[in-house]
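A.B. asks: got a predicted structure here, sequence first:
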Amino acid sequence: MRIVVYDRPVEYAKLSRHVGLARALSKLGYCSRSRAFALIHAGGVKLNGKVRLDPETPVNLDKDRVEVRSQTLAAPAKIYLMMNKPRGAVTTASDERGRQTVYAYLGEDLPWLAPVGRLDKASEGLLLFTNDSEWAARILAPETHLDKTYHVQIGAVTDSELLTALVDGVKTCHGSVPGVKSARLLRHGTRNTWLEVVLDEGKNRQIRRLLEHMGIGVLRLVRVAIGPLALGRLVKGAARPLTTEEQEALDRALRRRH
């Protein structure tokens, strides 16, 4: 996968991961892990000024200084990707149950990219990845109230009462599930309905939990937009860099909400 980065001043991203020394060289974009093993065994790599011969020596990529042949390695340029997450993929780097993860759809030549938030296994659609941890935190911060738009297919024919209930939220014996920002009818058939639901401070599985408490099953849940950024025609399972215009539109939306 070819990645385009933006030709503008950037701060280096914080890759908040503890990794082995060989993997650190790969994550920092210097070389492959196999090449890193050879360099380390040959005494060509220093960690915080000391030669290290063990490729598994732990490295904190936020704090430690890694040098190869007197060259200090810096974090790679910031990368911002969007993916059309397929249903069935889990939003983790690895899964103890052997399920396919979203990283199966990213190229192996990329530096470490973290997902910006999550979509559960059964959900689909727009998922962002970046190595810019500060940007990701702003996207996710509840106080930004950045809209997330979903298209939801339910196993029922809806009416205005359901739309109102989604906005109002529900109370249960164990507490409550907050309502959504807005809900409207997209289209319906004889047995199911497509809704457009907007969240501005999403809770864990909020839409699914609301509908479950109403006795309504979710057939599909697709995130189609985050703020001004739309999924568009991106093929399912594909990923691409954000354009400069998309990045700037998101940044403007975030500034308006602070």
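C.D. replies: It's in. Residues are numbered from 1 along each chain as shown.
A.B. asks: go through the chain and flag its longest helix.
C.D. replies: helix 244-256 (DSSP state H).
A.B. asks: check which residues of that one are buried.
C.D. replies: Buried residues in helix 244-256, defined by neighbour count with 16 or more other CB atoms under 10 Å: 246-247, 250, 253-254. For the C-beta atoms, the positions are set from N, CA and C on the backbone; glycine is no exception.
A.B. asks: which among those residues gets closest to residue 30?
C.D. replies: The closest of the buried residues of helix 244-256 to residue 30 turns out to be residue 247 (CB to CB; 26.0 Å).
A.B. asks: wouldn't the closest one be in contact with residue 80 here?
C.D. replies: Yes: judged on CB atoms under 8 Å, residue 247 makes contact with residue 80 at a distance of 5.9 Å.
A.B. asks: that older thread, next, format the buried residues of helix 244-256 as JSON lines and append distance to residue 212 and pLDDT.
C.D. replies: Converted to JSON lines, the buried residues of helix 244-256 look like this (distance: CB to CB, whole Å; pLDDT from 0 to 100):
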{"residue": "246", "distance to residue 212": "34", "pLDDT": "96"}
{"residue": "247", "distance to residue 212": "36", "pLDDT": "93"}
{"residue": "250", "distance to residue 212": "31", "pLDDT": "93"}
{"residue": "253", "distance to residue 212": "31", "pLDDT": "91"}
{"residue": "254", "distance to residue 212": "32", "pLDDT": "88"}
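A.B. asks: kindly reformat these as a markdown table containing distance to residue 54.
C.D. replies: Listed next are the buried residues of helix 244-256 as a markdown table, based on distance: CB to CB, whole Å:
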| residue | distance to residue 54 |
| --- | --- |
| 246 | 42 |
| 247 | 39 |
| 250 | 41 |
| 253 | 46 |
| 254 | 42 |
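A.B. asks: what's the closest of the residues you listed to residue 119?
C.D. replies: Checking the buried residues of helix 244-256 one by one against residue 119 (CB to CB), the nearest turns out to be residue 250, at 17.9 Å.
A.B. asks: and the closest one, how far is that from residue 116?
C.D. replies: Per CB to CB, to the nearest Å, residue 250 is found 10 Å from residue 116.
A.B. asks: likewise for residue 216?
C.D. replies: 29 Å.
A.B. asks: picking up where we left off before, shared neighbours, residue 250 and residue 116?
C.D. replies: Shared contacts of residue 250 and residue 116 (CB atoms under 8 Å, 6 or more residues apart in numbering): residue 139.
A.B. asks: where does pLDDT dip in this protein?
C.D. replies: Scanning the chain with the threshold set as pLDDT under 70 gives 1-17, 257-258.
A.B. asks: could you list every helix and strand in contact with the longest strand along it?
C.D. replies: When the chain is parsed with DSSP state E, its longest strand is strand 218-226. With contacts taken as 3 or more CB pairs under 8 Å, 6 or more residues apart in numbering; DSSP states H and E, strand 218-226 sits against strand 124-130, strand 148-154, helix 206-213.
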